[in-house]
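Enquirer: I'd like to go over a predicted model; first the sequence, then the structure.
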Amino acid sequence: MKAWLIENDDGIDALNLTDVEIGDPGPGEVRVKIKTSSINRRDMNTVIAPSARNTPLPRIPNSDGAGEVVAVGDKVTEFNPGDRVASCFFKRWHAGRISPAIMGSALGGAEEGMLSEETILPEGALVHLPEHLNWDEAGTLTCAGVTAWHGLVARGGLKAGETVLLLGTGGVSIFGLQFAKMMGARVIITSKSDEKLERARELGADETINYAETPDWDDAVKDLTDGVGVDHIVEVGGAGTLQKSVGALAFGGHIALIGVLTQGELNPYPLLGKSGRISGIYVGSREMFQNMNAAISANAMRPIIDRTFDFDDARAAYHCMQSDSHFGKIVIRSGA
C-alpha cells in the first residue's frame with residue numbers, strides 16, 4: 001500500500017509517497033482502509049520541522065483519519081468488517097486523566113499517522129462515526145473537533161445562555177462555533193479577515209471583531225457584553241494574546257488554552273481577582289470523542305470543509321494549510 005512519509009527536515013516538498021507494508025491485525029487490532037485524512041496546524045508543523053518536535057523518522061503524518069474496517073484480529077469486540085470508523089488522536093487515552101504514557105501515543109507524531117491507504121490500530125484507538133457524515137466530513141473530527149469539545153464542554157461545562165469568545169477562524173474555533181451554537185450559547189469570534197468573519201456569521205456567530213482593525217479587542221468584547229466579559233474563551237494565540245483574553249473574561253469564567261502561536265508573559269493577578277480558570281487542552285480522550293459524536297448525531301451537525309485534495313496531491317494540501325487562506329478543514333482523499 002501507499003503512504004506519505006516525513007523523512008527529514010526539508011519541509012513539505014520533501015514528503016515522500018512510497019510503498020509500505022503493514023501486515024495483518026493482531027489480537028485486539030483492527031485494519032482500516034482509510035478514506036480521508038485532514039490536516040491540523042500541528043500536522044503541518046510536524047512536517048516542516050520534525051526534529052524540533054522530536055518526531056521519530058521516517059513517520060507517516062496526520063492524526064485525523066476516517067475509513068472502513070476491512071479486517072479484525074482476535075478478541076476485537078466493538079468493530080466488524082464494513083464498519084465506518086475514525087482514529088483517536090491518542091492510541092491509549094481511553095478515558096480519565098492524561099498521563100505521560102498517553103502523551104507518547106499520539107498519531108502522526110510518536111506513532112504512525114493516517115496519511116496512508118490503510119492502517120492497523122488497536123480497537124481502543126477507534127470510534128464509530130455518526131451515520132449522517134460523508135467521508136470528507138468524517139475525516140475532520142479527530143483533533144480539531146475533540147479539542148473544541150474538550151475545551152468548551154468536557155472541561156468548560158458550557159451551558160445554554162452563556163457567552164463564548166473564539167479567537168480566529170481555524171479548525172478548532174469553527175468547531176467551537178458549531179458546538180456553542182448547538183448548545184444555545186452566544187458567540188463572539190475574531191479574525192483579521194472580514195470575509196472570514198462574514199462566513200462565521202453565516203454559521204451563527206452573534207458578534208464579530210476584526211482584530212487587525214481593533215487591536216484592543218478585549219475592550220471590544222467587554223463593550224459587547226455590557227462590561228461583564230465572556231464565560232468561555234477558546235484561546236489559540238498563546239502567551240501573546242492570553243493577557244487580553246483574561247481581560248475579556250467574566251468573573252468565574254474559563255479559558256481553554258489550546259494554541260501557542262505567539263510569545264509573551266502573563267500577569268496572573270487579574271485572573272486571580274476574577275477567580276478565573278485556565279485549562280491546558282491537548283485534544284482529548286476516546287470517551288470525549290464518543291460523547292462529541294453522540295451530540296453531532298443528535299443535532300445532524302456537519303463539519304465545515306474548505307477544500308479537498310487527491311491523495312497524490314498531499315503536498316499541495318499542506319501548502320494550502322501553510323497559506324492560512326482556508327476557512328474550515330482541508331481534507332485529503334485516499335480512497336473516498
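Expert: Done, it's in. A quick note: this is a predicted structure, and the numbers were derived from the prediction, not measured.
Enquirer: Quick check: mean pLDDT of the helix ranked longest in the chain?
Expert: Looking across the chain with DSSP state H, the single longest helix is helix 286-299. In this model, helix 286-299 has a mean pLDDT of 98.
Enquirer: Can you tell me which helices and strands it packs against?
Expert: Applying 3 or more CB pairs under 8 Å, 6 or more residues apart in numbering; DSSP states H and E, one finds that helix 286-299 contacts strand 126-128, helix 146-149, helix 171-182. All C-beta atoms are positioned from the backbone trio N, CA, C, and that covers glycine.
Enquirer: what residues does it touch?
Expert: Here helix 286-299 makes contact (CB atoms under 8 Å, 6 or more residues apart in numbering) with 86, 88, 90, 93-95, 124-125, 127-133, 141-142, 145-146, 149-150, 153-154, 179, 182, 301.
Enquirer: right, and Ile190 touches Trp217 too?
Expert: Actually, residue 190 is Thr rather than Ile. Yes: judged on CB atoms under 8 Å, Thr190 makes contact with Trp217 at a distance of 5.7 Å.
Enquirer: Show me the common contact partners of those two, please.
Expert: In contact with both Thr190 and Trp217: Ile209, Tyr211, using CB under 8 Å, 6+ apart.
Enquirer: the more surrounded of the two?
Expert: More crowded of Thr190 and Trp217, by other CB atoms under 10 Å: Thr190, with 27 against 22.
Enquirer: Helices along the stretch 1-150 of the chain, start to end?
Expert: 41-48, 100-103, 135-138, 146-149 (DSSP state H, counting those that start in this stretch).
Enquirer: Run through the protein and note the low-pLDDT ranges.
Expert: Residue ranges of the chain with pLDDT under 70: 260-263, 336.
Enquirer: how's it carved up into domains?
Expert: Here the chain is described, according to automatic domain parsing, as comprising the domains 2-143+284-333, 156-280.
Enquirer: Distance from the chain centre to the shortest one, please.
Expert: Centroid displacement of domain 156-280 relative to its chain, using CA atoms, centre = their mean, to the nearest Å, is 17 Å.
Enquirer: And the helices in the stretch 201-336 of the chain?
Expert: Secondary structure of the stretch 201-336 of the chain (DSSP H, counting those that start in this stretch): helices at 217-224, 239-248, 269-273, 286-299, 314-323.
Enquirer: which outside residues touch the second one?
Expert: Okay, so that is helix 239-248. Residues from elsewhere that reach helix 239-248 (CB under 8 Å, 6+ apart): 165, 167, 216-219, 221-222, 229-230, 233, 235, 237, 255, 257, 260-267, 270-271, 274, 276, 278.
Enquirer: Which of the residues you listed fall in strands?
Expert: Leu165, Leu167, Val230, Ile233, Glu235, Ile255, Leu257, Ile278 (DSSP state E).
Enquirer: Could you export those residues as a markdown table, including neighbour count?
Expert: Formatted as a markdown table, the ones in strands among the contacts of helix 239-248 follow (neighbours: other CB atoms under 10 Å):
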| residue | neighbour count |
| --- | --- |
| Leu165 | 32 |
| Leu167 | 28 |
| Val230 | 25 |
| Ile233 | 34 |
| Glu235 | 28 |
| Ile255 | 25 |
| Leu257 | 20 |
| Ile278 | 19 |
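Enquirer: and those residues, which two are the farthest apart?
Expert: Val230 and Leu257 (14.8 Å; CB to CB).
Enquirer: center of this structure - which residue?
Expert: The chain has Ala144 as the residue nearest its centroid, 1.2 Å off, counting by CA atoms, centre = their mean.
Enquirer: and it, how far is that from Val236?
Expert: 11 Å (CB to CB, to the nearest Å).
Enquirer: do the same with Val85
Expert: Using CB to CB, we find Val85 at a distance of 28 Å from Val236.
Enquirer: what do you get for Thr18?
Expert: In terms of CB to CB, Thr18 sits 34 Å off from Val236.
Enquirer: These two: which is more packed in?
Expert: Applying other CB under 10 Å to Thr18 and Val236 shows that Val236 carries more neighbours, namely 25 against 11.
Enquirer: Quick check: closest non-adjacent residue to the more buried one.
Expert: Gly259 (3.4 Å; CB to CB, 6 or more residues apart in numbering).
Enquirer: Could you report the neighbour count for that neighbour?
Expert: For Gly259, using other CB under 10 Å, the count is 20.
Enquirer: again, but for Ser334
Expert: Residues lying near Ser334 (other CB under 10 Å) number 27.
Enquirer: is it true that it touches Trp135?
Expert: No: judged on CB under 8 Å, Ser334 makes no contact with Trp135 at a distance of 9.7 Å.
Enquirer: what is in contact with the two at once?
Expert: Counting by CB under 8 Å, 6+ apart, the shared contacts of Ser334 and Trp135 are Lys35, Thr36.
Enquirer: Could you report the distance from Leu272 to Val246?
Expert: Distance of Leu272 to Val246, computed by CB to CB: 10 Å.
Enquirer: Next: Asp219.
Expert: Counting by CB to CB, the gap from Asp219 to Val246 is 13 Å.
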